[in-house]
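A.B. asks: Need a 3D model of the sequence below.
(chains A and B)
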Amino acid sequence: MVKAKKQVIIFGDMRVGKDSPNRSKRTPTVRKVKSAIVPVDRTKGPPAGRPRVETGGAAVADLGAPTAPQPTLAEQAALDRVDLSVDLAPEHGGLRLANPILVASGTFGYGIEYGEVVDVGRLGAICCKGTTLRPRAGNPPPRVTETPGGMLNSIGLQNPGVDAVIEKYGPIWQGWKVPVIVNVAGESIEDYVEVARRLDGVPGVAGIELNISCPNVGKGGLQFAIDRDAARAVTAAVRRATELPLLVKLSPNVADVRPIARAIEEAGADAISAINTLSGLAVAPDRTRAFLGNVYGGLSGPAIKPVALRIVYEVAQVVSIPIVAIGGVTSIEDVLDFLACGAVAVQVGTAIFADPELPVRLADDLRAECVRRGLDSYRPLIGTALPKRMGASSAKGAEYRP
Amino acid sequence: MRLVAAELVESRQILPGQWLQSFHAPELASGSRAGQFVHVRTGDYSGLVLRRPFSINTADPATGIVTLHFRTVGRGTEWMARVREGENLDMLGPLGRPFEVDPRSHHLLLVAGGLGMAGIRMLADEAVRDGRQVTILFGALSASHVYPSNLLPDEVEYVVATDDGSLGHHSLVTELLPDYEAWADQAFACGPYPMLARLAQLAAGRRARMGVAKLGRKRGAGRADPLGSTAARRKAFLQVSMEQTMGCAVGACLGCSVIGVEGPVRVCREGPVFAAEEIAWPASA
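C.D. replies: Okay, here's the model as predicted:
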């Protein structure tokens, strides 16, 4: 009998760990320290005579267009001068990002999956997959499907549980200069608090993003995100449990998001992420059942951008904490739109699947846009589309604040 | 895994609604193994936001040509069918884990249902190259859907079954498995889920039924390889290539999970090839 030769086959996902290429790249970070979000001077607006780059068809078509030619030394110097850094939690030790382009929870795994294709060190921050106290197997397949201009997903928070996440990924994240924000989900306030407590002080965990679009088992399955008091309670409880920077992710599936946003701010959140997916449904091809194993799914992608813009626009007028916008970002135009509506940073989600390099390119594009407008920071771009006079939107009686 | 610009060099319709496209992509052609797939970006992001996964049908490192075989089933594949020669497609790959052939296996049984041929086609090339004997069992709806035999290596034994009996055996392809069970050292399958489930059911317990002695080293006998490991798959009689709607295809989104016996497994990362015993098949199959 001939003895078989031993074959050694190495797979990408098995190499994470000691000899992962990302670990060897640890470099000391020098970040510009600047004050947090500077309030927008709304009297100025964007400089006249520098029209916005044209929007429309091009914005869609050039997703993944070949990269621009190398800048000259002078151009590079101008690009380097632009300050894209932002602090999302100045009151709780700071959550300073090198640039305002994050990757959204659920679309980037734990940061290692795209490791060979994407240079994670150039991202503003990574929001990792939703993490719960105990391991979860998630929903029955199929779990994703494409819809016009978007996709539906119902993963069902499949994850190995907070302890496994800390053990497996904490050491990897610790070696990265990019902050990792752990997205936290739970079925009761106690769940959220316990996860936050275990994440507190873990090296490599830069912050927490609360996914409050989960059913609250203690309150009959009502989502935290659609109930102002529940949203306030869970935010306050987590705030007491941890000193980590705390983001809370709003759900769009509510009649009016503003009271909920205000409650979250009052409860001590450092920043608000908006928005989570819209609840949706797809039908199986044979029309005998719903397509997704879980029946309902969350809609994401370019299709939901107008909804996200509306919610960011509304929330920006009622809270003073930073807003991180999410929803259909696929181009620099989308980034600028969200900034104009009052967001200080944006998360890229679904578009990563088609174009994994997009988030890194958007940061470069934002830098170039600032140079083109003669700005040394992107802050003047924030909030330019918000109503110039207080109370403009109260004309319809929608809002009145003395 | 890398992002590759693959130039379309030839596109032809080999069967009604089924296309065979050749791309010049040396990085993919030389770095891929049978069973792996590529994730192809569609042209119109405003409408189609997801890439489309395709098994690598063949890969020739000498010419740098990879081929994809697909059926037009929706807007993404319809767009692919209209791509002109000379245009570049953005492909992410090679992705997933390949088929694992036991070095001692001389008789390989490949079972394909319809488009499943694309999933096992490259394994036929690899096996013939390595001097193994290959039999392909192919199932289709009718004679007009049968994969052309001139697209297969000459060395391959090609057995066809059609659902309506218009060509070859008048049966489901799965019902041919018992005839070849004794001949085959290992079986590899790709096709619709019910077909794979039926094959898994037929193949279960084969070792005991056939009285196959455990070969190999005495040392370490009794220590089972962990489920899903390369070593365990290499020893498995039946390996299946699974299909699932996919998001990221790199293991980040968990969208393509199927239910395995030890919990959900990602088709894009732990698969698309699984040993049949890794999957929790429905009891009724």
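A.B. asks: what's the single longest helix in chain B?
C.D. replies: If you go by DSSP state H, chain B has its longest helix at helix B:117-129.
A.B. asks: list the contacts for the residue nearest to residue A:236 when sequence neighbours are not counted?
C.D. replies: Excluding the flanking residues, the one nearest residue A:236 by CB to CB, 6 or more residues apart in numbering or on different chains is residue A:267, at 4.0 Å. Backbone N, C-alpha and C define where each C-beta goes, glycine included. By CB atoms under 8 Å, 6 or more residues apart in numbering or on different chains, the residues touching residue A:267 are A:231, A:232, A:233, A:235, A:236, A:239.
A.B. asks: ok, 6 Å please
C.D. replies: Counting by CB atoms under 6 Å, 6 or more residues apart in numbering or on different chains, residue A:267 makes contact with A:232, A:235, A:236.
A.B. asks: hang on, the earlier thing: show me what the longest helix of chain B is packed up against.
C.D. replies: Packing contacts for helix B:117-129, counted by 3 or more CB pairs under 6 Å, 6 or more residues apart in numbering or on different chains; DSSP states H and E, involve strand B:107-113, strand B:186-190.
A.B. asks: wait, what's in contact with residue B:235?
C.D. replies: Applying CB under 6 Å, 6+ apart, no residues qualify as near residue B:235.
A.B. asks: closest to residue B:282 among the contacts of residue A:267?
C.D. replies: residue A:235 (42.5 Å; CB to CB).
A.B. asks: pLDDT score for the closest one?
C.D. replies: Looking at residue A:235, its pLDDT stands at 94.
A.B. asks: Going along the chain from the strand or helix carrying it, find the next helix or strand for me.
C.D. replies: Assigned by DSSP states H and E, residue A:235 belongs to helix A:228-241. Toward the C-terminus, helix A:228-241 is succeeded by strand A:246-250 as the next helix or strand (DSSP H and E).
A.B. asks: Give the other helices and strands that the following helix or strand past that next one contacts.
C.D. replies: Going down the chain from strand A:246-250, the next helix or strand is helix A:258-266, by DSSP H and E. Secondary-structure packing of helix A:258-266 (3+ CB pairs under 6 Å, 6+ apart): helix A:228-241.
A.B. asks: Show me what the helix it packs on is in contact with.
C.D. replies: Residues outside helix A:228-241 that contact it (CB under 6 Å, 6+ apart) are A:189, A:192-193, A:196-197, A:212, A:216, A:224, A:248, A:259-260, A:263-264, A:267-269.
A.B. asks: what's the lowest-pLDDT member of these?
C.D. replies: residue A:216 (63).
A.B. asks: need the contact list for residue A:183.
C.D. replies: Residue A:183 makes contact with A:105, A:127, A:128, A:130, A:209, A:211, according to CB under 6 Å, 6+ apart.
A.B. asks: try residue A:319
C.D. replies: Contacts here follow CB under 6 Å, 6+ apart; on that basis residue A:319 touches A:261, A:265.
A.B. asks: how about the residues of chain A near chain B?
C.D. replies: With CB under 6 Å from any CB of the partner chain as the criterion, chain A meets chain B at residues A:4, A:9, A:12-13, A:60, A:63, A:108-109, A:113-114, A:116-117, A:137-138, A:141-146, A:148-151, A:153, A:155, A:158, A:301, A:350, A:353-354.
A.B. asks: centre of the chain versus stretch B:171-188, how much separation?
C.D. replies: 16 Å (CA atoms, centre = their mean, to the nearest Å).
A.B. asks: nope, stretch A:265-280 is what I was after
C.D. replies: Centre-to-centre, stretch A:265-280 and its host chain are 10 Å apart (CA atoms, centre = their mean).
A.B. asks: Same question for stretch A:158-168.
C.D. replies: 20 Å.
A.B. asks: still on that earlier bit, out of the contacts of residue A:183, what pair is the most spread apart?
C.D. replies: Taking CB to CB as the measure, the contacts of residue A:183 span a maximum distance of 11.2 Å, between A:128 and A:211.
A.B. asks: show me the contacts for whichever residue of the stretch 201-350 of chain A sits closest to chain B.
C.D. replies: The stretch 201-350 of chain A approaches chain B most closely through residue A:301 (4.5 Å), counting by CB to the nearest CB. Applying CB under 6 Å, 6+ apart, we find residue A:301 in contact with A:149, A:150, A:151, A:328, A:350, B:49.
A.B. asks: Please indicate which of those residues has the highest neighbour count?
C.D. replies: In terms of neighbours by other CB atoms under 10 Å in any protein chain shown, the contacts of residue A:301 top out with residue A:350 at 31 neighbours.
A.B. asks: Give me the local confidence score for that one.
C.D. replies: Residue A:350 is given a pLDDT of 94.
A.B. asks: export the contacts of residue A:267 to JSON lines and tack on neighbour count?
C.D. replies: Listed next are the contacts of residue A:267 as JSON lines, based on neighbours: other CB atoms under 10 Å in any protein chain shown:
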{"residue": "A:232", "neighbour count": "21"}
{"residue": "A:235", "neighbour count": "26"}
{"residue": "A:236", "neighbour count": "17"}
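A.B. asks: Just the buried residues from the contacts of helix A:228-241, in ChimeraX please.
C.D. replies: Remark: buried members of these, expressed as a ChimeraX selection using 16 or more other CB atoms under 10 Å in any protein chain shown:
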select /A:189,192,193,196,212,216,224,248,260,263,264,267,268,269
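A.B. asks: Out of the contacts of helix A:228-241, flag the one nearest to residue B:275.
C.D. replies: Closest to residue B:275, out of all of the contacts of helix A:228-241 and judged by CB to CB, is residue A:192, at 38.9 Å.
A.B. asks: Okay, and that closest one sits in which element?
C.D. replies: Here residue A:192 sits within helix A:189-199, counting by DSSP H and E.
A.B. asks: same for the following helix or strand past that helix, what does it pack against?
C.D. replies: As assigned by DSSP H and E, the chain's next helix or strand after helix A:189-199 is strand A:207-211. Of the remaining helices and strands, those touching strand A:207-211 by 3+ CB pairs under 6 Å, 6+ apart are strand A:180-184, strand A:246-250.
A.B. asks: if I read this right, residue A:145 contacts residue A:293, doesn't it?
C.D. replies: No: Residue A:145 lies out of contact with residue A:293 (CB atoms under 6 Å); the separation is 10.6 Å.
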